[in-house]
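Engineer: Based on what follows, work out the 3D shape:
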Amino acid sequence: MSAHPTFVVQSGHVELTLAWRDDRYQQLLAAGDARRESELIKCLHSPVFTEVHQQGDLLFLSGADRDCHWSASIEPLPDGFLFDVACRVKAMRYGGIAAMYVGTGLAFEPAESGALAPRVEGSADGACILIVALEASRTQVTPPCTVRFRYRCTTATTARAPARPPAP
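Structural biologist: Here you go, the predicted model:
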């Protein structure tokens, strides 16, 4: 058995693979021709997962880098996954906390609304999705602190439309 096994979970049309790459687990989400891979962000604190525990279809991840301890749970939805990520920040050396996915297809959205919901941004060509949990320049944070953010990844056809304010 490998020291770093690969984990694969299917949810509807979306498959999630956690595979060891360099010094951490990388996430690969795929549905048909749509593929998104987690990517390290050099100018922001981004998740580092070095351990995975699986209970049925639930995945629990943890890891650490120099400034942050990370934990997450990933659970299946009818056609995608819910990511619940927490970061214990010891020092804020970079401009914020975010997760990034590169590739094409699949939709990402906050799993909750309100002031604490992460912001989901896409590049003009759609090849990069950034899920911003905290921007140090816009939020007063005093480490040590814990930042939690939740988001969904689904096929584009099942993604929920953003909530709209009621009509006047």
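Engineer: give me the beta-bridge partners of residue 52?
Structural biologist: According to DSSP bridges, the residues that bridge with residue 52 are residue 61.
Engineer: what sits against the residue positioned nearest the centre of the chain?
Structural biologist: Per C-alpha atoms, centre = their mean, the C-alpha nearest to the average position across the chain is that of residue 99, at 5.1 Å. When contacts are counted by C-beta atoms under 8 Å, 6 or more residues apart in numbering, residue 99 touches 38, 46-47, 83, 85, 130-131, 133, 149, 151. Backbone N, C-alpha and C define where each C-beta goes, glycine included.
Engineer: What ranges in this protein fall below the confidence cut-off?
Structural biologist: Applying pLDDT under 70 to the chain flags the ranges 1-2, 138-140, 156-168.
Engineer: which residues in it form strands?
Structural biologist: For the chain, applying DSSP state E gives strands covering 7-11, 14-21, 24-31, 34-39, 51-55, 58-64, 68-77, 80-89, 96-104, 107-110, 119-122, 128-135, 145-154.
Engineer: who are the neighbours of the last one, in terms of helices and strands?
Structural biologist: Put plainly, it is strand 145-154. In terms of contacts (3 or more C-beta pairs under 8 Å, 6 or more residues apart in numbering; DSSP states H and E), strand 145-154 is packed against strand 80-89, strand 96-104, strand 107-110, strand 128-135.
Engineer: Reformat those strands as TSV; add distance to residue 58.
Structural biologist: Putting the helices and strands packed on strand 145-154 into TSV (distance: least, C-beta to C-beta, whole Å) gives the following:
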stretch	distance to residue 58
strand 80-89	10
strand 96-104	19
strand 107-110	20
strand 128-135	20
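Engineer: For residue 22, which of those is the nearest?
Structural biologist: Residue 22 lies closest to strand 96-104 among the helices and strands packed on strand 145-154, at 15.7 Å (C-beta to C-beta).
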